[in-house]
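1. Sequence plus the predicted model coming up.
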Amino acid sequence: MMKKLFIQTYGCQMNLADSEEMASHLLGRGYALTEKLEEADLVIVNTCTVRDHAEHRALSFLGRLRQWKREKPGRHIIFAGCAAQRLGEKLKKTFPYLDLVSGAREIAHFASLLDSCGLFPSAPGGSPDQRGITGYVTIMRGCDFACTYCIVPSVRGPVHCLPSKEILANAACKAQEGHPEIMLLGQTVNAWKEAGKTFADLLNEVSALPGVERVRFVSPHPAFITPQFLEAVKNNPKIARHIHLPAQSGSSKVLKEMKRGYTREMLLEKIAALKACGFAISTDLIVGFPTETEEDFSQTLTLVEQAGFSAAYCFKYSPRQGTPAAQMPLLSEKVLEERLDILLNRVRGLAEAAYGVHIGRPAEILMESPNKGRTSDNFWAQTKKSYTIGSVVQSEVIDSDGTLLFTRD
Ligand code: SAH
Ligand code: SF4
Ligand code: F3S
């Protein structure tokens, strides 16, 4: 019987794409994917360490695998990703039943790691999981910024851009496999460049591939949202009109201490320019950065109003070992909790309002099931008639319940 692989992924889309990549190597070594832990022979835990909580969840899952491994002989565990990169081989002391530790930076050598541990010889395997209309394509790895709260540059390393030739071949392959939506991935995805080519050029080239209906990308950094970028994407309707643009704070003072490289005013200018091109904008916000005063925090609240975000993911500041901000005295947990609560209350209504704005407007929907799909600006829409999955439907929004748009056709 074919051996089964179970993957538990924590963290961002980059990690999801890395999980896919690791899976594809193991499918070539006789494994088939399963969604049931109890029938698995191999578990990959692909981890995140961006906040302490994320790392903790991965480690406690690993703790539970001790018993899982005992239950049946021949079971194996691979611990991968960013927490694996941070903690390295010392993990094997606390978790001696781990078979392989493969840090996030080692993804390019994952096949040779599998070879060298000798546990996973090649064998005919299962077929890849092809569900979902989105195909993920990694275009760059690492980060050259040095935001003072962030551990990502230290675990993922400096920027490495993949060659456009390779990216286009990957995207074409995903489209042919039945993914009409391509999501380009990178920690600072819009920092991608190549001699004579910009990120905007790449977007346009990917969108022109046969079978590609829509192109998304995550996570962009505000520094690379330039007039040239907007000019280049403006006339290409295949580039989705949604951008996840992490603001982090609404206070220019805190942004400076975070070393984000922009002020509140610069950010608002970019947001206005994006909106003029039809983009809906979601964001990430951190509360309780060590130097954040009540006044700074209130500026984050007013930014939410002024920017008109369609969604905001809010995080309590979490000190990460080795980062500059971790040297600063922390605010009390009580202050962090209070601020998070206030901010969450503010952002709660954003999505509903953003859905409401669509009523009476045209919408272009990429169908993910016969009656449901997503608009270019990333809102869920339900159609009256049934359509082929993966097709693009032009219609008009006639109503919304705050979580779904309803179309005329
Ligand atoms: N590369 C992306 C963000 C990657 S991390 C960017 O620069 O925009 C994802 C999100 O986690 C960040 O946007 C930030 O809001 C949050 N985050 C990162 N480090 C954090 C920390 N130490 N504490 C709390 N939130 C953090
Ligand atoms: Fe972290 Fe900043 Fe790099 Fe984003 S840009 S990954 S927040 S250091
Ligand atoms: Fe987490 Fe690593 Fe992504 S730390 S957010 S999984 S890059």
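-> Structure's in. What do you need? Residues are numbered from 1 along each chain as shown. Ligands and ions are numbered 1, 2, ... in the order given.
2. Point out the residues in this protein that sit beside ligand 1.
-> By CB under 6 Å from any ligand atom, the part of the chain that sits against ligand 1 consists of 50-51, 149-150, 152, 187-188, 219, 221, 246, 248, 284, 286, 315, 317-318, 320. C-beta coordinates here come from the backbone N, C-alpha and C atoms, glycine included.
3. Looking at these, which are in helices?
-> Of these, the ones assigned to helices by DSSP state H are residue 152.
4. Quick check: beta-bridge partners of the residue nearest to residue 343 when sequence neighbours are not counted?
-> Leaving out its chain neighbours, the residue that sits closest to residue 343 by CB to CB, 6 or more residues apart in numbering is residue 314, at 5.0 Å. In this entry, residue 314 is beta-bridged to residue 285, by DSSP bridges.
5. can you tell me which residues contact the residue in the chain that ligand 3 sits nearest to?
-> Residue nearest to ligand 3 within the chain (CB to the nearest ligand atom): residue 11, separated by 2.6 Å. By CB atoms under 8 Å, 6 or more residues apart in numbering, the contact set of residue 11 is 46-48, 50, 54, 81-82.
6. which two in those are spaced the farthest apart?
-> 46 and 50 (13.3 Å; CB to CB).
7. In terms of neighbours, single out the busier of these two.
-> Set residue 46 next to residue 50 and count neighbours by other CB atoms under 10 Å: residue 46 wins out with 27 against 20.
8. pretty sure that one is in contact with residue 23, am I right?
-> No - applying CB atoms under 8 Å, one finds residue 46 not in contact with residue 23, separated by 9.8 Å.
9. For these two, list the residues in contact with both.
-> residue 7.
10. where does the stretch 101-250 of the chain dip in pLDDT?
-> Low-confidence segments of the stretch 101-250 of the chain (pLDDT under 70): 129-130.
11. Just the closest residue of it to ligand 1, please.
-> Taking CB to the nearest ligand atom, the stretch 101-250 of the chain has residue 246 as its residue nearest ligand 1, at 3.4 Å.
12. now the helices for the protein?
-> Ranges of helices in the chain, per DSSP H, are 13-27, 52-71, 82-87, 91-94, 110-117, 152-156, 164-176, 199-207, 227-234, 252-257, 264-276, 294-307, 333-347, 350-356.
13. For the stretch 201-350 of the chain, which residues are neighbours of ligand 2?
-> Counting by CB under 6 Å from any ligand atom, the stretch 201-350 of the chain comes close to ligand 2 at residue 221.
14. 8 Å - rerun?
-> Contact residues (CB under 8 Å from any ligand atom) of the stretch 201-350 of the chain with ligand 2: 219, 221, 246, 248, 259-260.
15. can you check the stretch 51-200 of the chain too?
-> Near ligand 2, when you scan the stretch 51-200 of the chain using CB under 8 Å from any ligand atom, you find 143-147, 149-153, 156, 187-188.
16. Now the buried members of those residues.
-> Buried residues within those, counting neighbours by 16 or more other CB atoms under 10 Å: 143, 145, 147, 149-153, 156, 187-188.
17. Of the residues of the chain next to ligand 1, which belong to strands?
-> Among the residues of the chain next to ligand 1, DSSP state E puts 284, 286, 315 in strands.
18. Excluding sequence neighbours, find me the nearest residue to the first one.
-> Spatially, and ignoring its direct neighbours in sequence, residue 284 is nearest to residue 246 (3.8 Å; CB to CB, 6+ apart).
19. before we move on, what about residue 365?
-> residue 373 (4.2 Å).
20. Now for that neighbour, how many residues are close by?
-> By the criterion of other CB under 10 Å, residue 373 has 27 neighbours.
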